[in-house]
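**Q** build the 3D model from these lines:
(one chain, ligands or ions: 1)
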Amino acid sequence: MEEEAKAKPRNPSGPRLCCVCNTRRAALKRPKTLDQICRECFYEVFEEEIHQVIVENQLFSPGERIAIGASGGKGEHGLLSINLYFCSVEDSTVLAYVLSTLNRRHHYGLDLFLLSVDEGITGYRDDSLETVKRNEIQYGLPLKVVSYKDLYGWTMDEIVKMIGLKNNCTFCGVFRRQALDRGAAMLKVDKVATGHNADDIAETVLLNILRGDIARLGRCTAITTGEDGPIPRCKPFKHLFSKCISRFCSGVHQGFGKNKVVSSLTIRNCGLQKPRAILDIIKSGEDFRISTSTKMPEQGTCERCGYISSQAIDRATKVIIPGWKWCKACVLLEGLNKGLPKMGIGRSRGLNNDRKDAKGNDNAAKSIESKQCGTLDF
Ligand SMILES: Nc1ncnc2c1ncn2[C@@H]1O[C@H](COP(=O)(O)OP(=O)(O)OP(=O)(O)O)[C@@H](O)[C@H]1O
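**A** Predicted coordinates for the structure are as follows:
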């Protein structure tokens, strides 16, 4: 009771005061703590919270080169981001701003870069790339743009033309993940930081449970991943609600920025009714223990492009399926180049997979139904 009174001081003769400075008028309610807070204190608390996450998790070391995955957010809001405090929900724009601010303020000694993947989606990425170009000037961070067209010879527009709208998300996710790694290698960075927030991670936990994807479930809640690979990734916003980031952006709650299936159905509802439910879902994901007898995919190197690839063992013969020695991006690309764009979609991918069942029926359609959305394993 005493705590509550402290957290929500009231000015008997006027509006509710900020629970931090106790002088200015409270303008926002923090979703995590429900504290009433003024705008100025909110910005300070927000930045300090991220600093604490960075320090406690030792996300960076002095002298490191860090690429910030800069998507520029949703294209239609891009133009508003010239002034950070009046932009829309763009986690990576906020990340670029906060990391460059904290780097200066706390002398992290980091070399920061913006890294953007241009998927070649007319009217979407071209708009958001304009935002990223403005961020380059605003924050004085060098920008590197890598495009699907240059890396793979295909834009997403061309891929959609060939495959249609149903499965294009697999191509986009798989290619983007690899493109970000390739761009990071070109920049010779030590790590990539992305703007994934608590809502994104909770959403990924739920989807991995629904899909029974033990391997991804085991790693999706980690704040840093890929430490055994060439370029680790970290998520400094892991504990921040999307709602909170949007408030930092605009000072006014503008709703949830994400529009993915699970987020709109579940995460959004959890968040609106009880924001802490999002953190509870993440905690559940962290608490999952994978049985030691569970067979996990083995990491290998793609024979074609040298990128990391999971090798699959044929359950019946216990032999490594040859097609799996190619990474998913190479399998998908081969399909596109051969005019067989559905090759590699779904769980039973592989160039040499026999897709005919005992009756000689083609199983490809079934396999496509079990498609995975590559963006979830960023
Ligand atoms: N095209 C891209 N280029 C570089 N990084 C990207 C790209 N798309 C996504 N990312 C990184 O992955 C994070 C999460 O991806 P997600 O798809 O949720 O982002 P978004 O909603 O498109 O953009 P934002 O996070 O800026 O709102 C982004 O914050 C960003 O760091």
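
**Q** wait, is Glu136 part of a helix?
**A** Yes - remark: Glu136 belongs to a helix, assigned using DSSP: H, G, I helix; E, B strand; the rest coil.

**Q** setting aside sequence neighbours, what's the nearest residue to His275?
**A** For the record, residue 275 is Pro, not His. Excluding its sequence neighbours, the residue lying closest to Pro275 (C-beta to C-beta, 6 or more residues apart in numbering) is Pro31, at 4.0 Å. C-betas here are computed from N, CA, C, even on glycine.

**Q** dump the residue contacts of that neighbour.
**A** Phe241, Lys243, Cys244, Gly271, Pro275 (C-beta atoms under 8 Å, 6 or more residues apart in numbering).

**Q** the same query, at a cut-off of 6 Å, please.
**A** In this structure, Pro31 makes contact with Phe241, Lys243, Cys244, Pro275, judged by C-beta atoms under 6 Å, 6 or more residues apart in numbering.

**Q** got a pLDDT number for the closest residue to the third one other than its chain neighbours?
**A** With C-beta to C-beta, 6+ apart as the criterion, Cys244 has its nearest non-adjacent residue at 5.7 Å, and that residue is Pro31. Taken from the predicted model, the pLDDT recorded for Pro31 is 74.

**Q** and Pro31, which helix or strand is it part of?
**A** For Pro31, there is no host helix or strand (DSSP states H and E).

**Q** any idea how far Ala198 is from it?
**A** Relative to Ala198, Pro31 is positioned 10 Å away (C-beta to C-beta, to the nearest Å).

**Q** again with Trp326
**A** When distance is defined by C-beta to C-beta, Trp326 is 35 Å away from Ala198.

**Q** more neighbours, the two?
**A** Neighbour tally, Trp326 and Ala198, criterion other C-beta atoms under 10 Å: the higher count belongs to Ala198, 27 against 24.

**Q** show me what contacts the more buried one?
**A** Ala198 makes contacts with His239, Leu240, Phe241, Ile278, as judged by C-beta under 6 Å, 6+ apart.

**Q** now it: phi and psi?
**A** The phi/psi pair for Ala198 (degrees, to the nearest 10) reads phi -60, psi -40.

**Q** tell me how far it lies from the ligand.
**A** Separation of Ala198 from the ligand (C-beta to the nearest ligand atom, to the nearest Å): 12 Å.

**Q** show the pLDDT at that residue.
**A** Looking at Ala198, its pLDDT reads 93.

**Q** start the count at 757 instead of 1 going forward.
**A** Sure, I'll start numbering at 757, so the last one becomes Ala954.

**Q** got the end-to-end distance for stretch 1034-1054?
**A** Stretch 1034-1054 has an end-to-end distance of 31 Å (criterion: C-alpha to C-alpha, to the nearest Å).

**Q** of all the residues in it, which ones are buried?
**A** Ile1034, Leu1035, Ile1037, Ile1038, Gly1041 (16 or more other C-beta atoms under 10 Å).

**Q** and of those residues, the nearest to Thr849?
**A** Ile1034 (21.4 Å; C-beta to C-beta).

**Q** list phi and psi for the closest residue to that closest one other than its chain neighbours.
**A** Among residues not flanking Ile1034 along the chain, Ala958 sits closest, at 4.6 Å (C-beta to C-beta, 6+ apart). Note on Ala958: backbone dihedrals following degrees, to the nearest 10 are phi -60, psi -40.

**Q** cool, and Lys994?
**A** Backbone torsions for Lys994, taken as degrees, to the nearest 10, come to phi -50, psi -40.

**Q** grab the nearest non-local neighbour of it.
**A** That would be Ile979: by C-beta to C-beta, 6+ apart, it lies 4.9 Å from Lys994.

**Q** near that neighbour, how many other residues are there?
**A** Neighbour count of Ile979, defined by other C-beta under 10 Å: 19.

**Q** so it makes contact with Glu812?
**A** No - taking contacts as C-beta atoms under 6 Å, Ile979 lies outside contact range of Glu812: 9.5 Å.

**Q** the longest helix anywhere in the chain: how far from the chain's middle?
**A** Ordering each helix of the chain by length in residues (DSSP state H) puts helix 924-943 first. Centre-to-centre, helix 924-943 and its host chain are 12 Å apart (C-alpha atoms, centre = their mean, to the nearest Å).

**Q** for stretch 982-996, same thing?
**A** How far stretch 982-996 lies from its chain's middle: 10 Å, per C-alpha atoms, centre = their mean.

**Q** and it with the ligand, contact?
**A** No - residues of stretch 982-996 are not located near the ligand by C-beta under 6 Å from any ligand atom, the shortest gap being 7.9 Å.

**Q** same question for that stretch, mean pLDDT?
**A** For stretch 982-996, mean pLDDT rounds to 90.

**Q** can you give the strand pairings for the helix or strand containing Ala823, parallel or anti for each?
**A** Element membership for Ala823 (DSSP H and E) is strand 821-825. When pairing is defined by DSSP bridges, strand 821-825 lines up against strand 867-874 (parallel), strand 947-949 (parallel).

**Q** I'd like to know which of those strands is closest to Val776.
**A** strand 947-949 (27.2 Å).

**Q** quick one on the thing from earlier: make TSV out of the buried residues of stretch 1034-1054 and add pLDDT and distance to Asn778.
**A** As requested, the buried residues of stretch 1034-1054 are exported to TSV (pLDDT from 0 to 100; distance: C-beta to C-beta, whole Å):
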residue	pLDDT	distance to Asn778
Ile1034	89	29
Leu1035	89	27
Ile1037	92	34
Ile1038	93	32
Gly1041	91	37
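
**Q** ok, the residues you listed vs the ligand, which is closest?
**A** Ile1034 (14.5 Å; C-beta to the nearest ligand atom).

**Q** that closest one reaches Thr960, doesn't it?
**A** No - if you go by C-beta under 6 Å, Ile1034 and Thr960 don't touch, sitting 11.7 Å apart.
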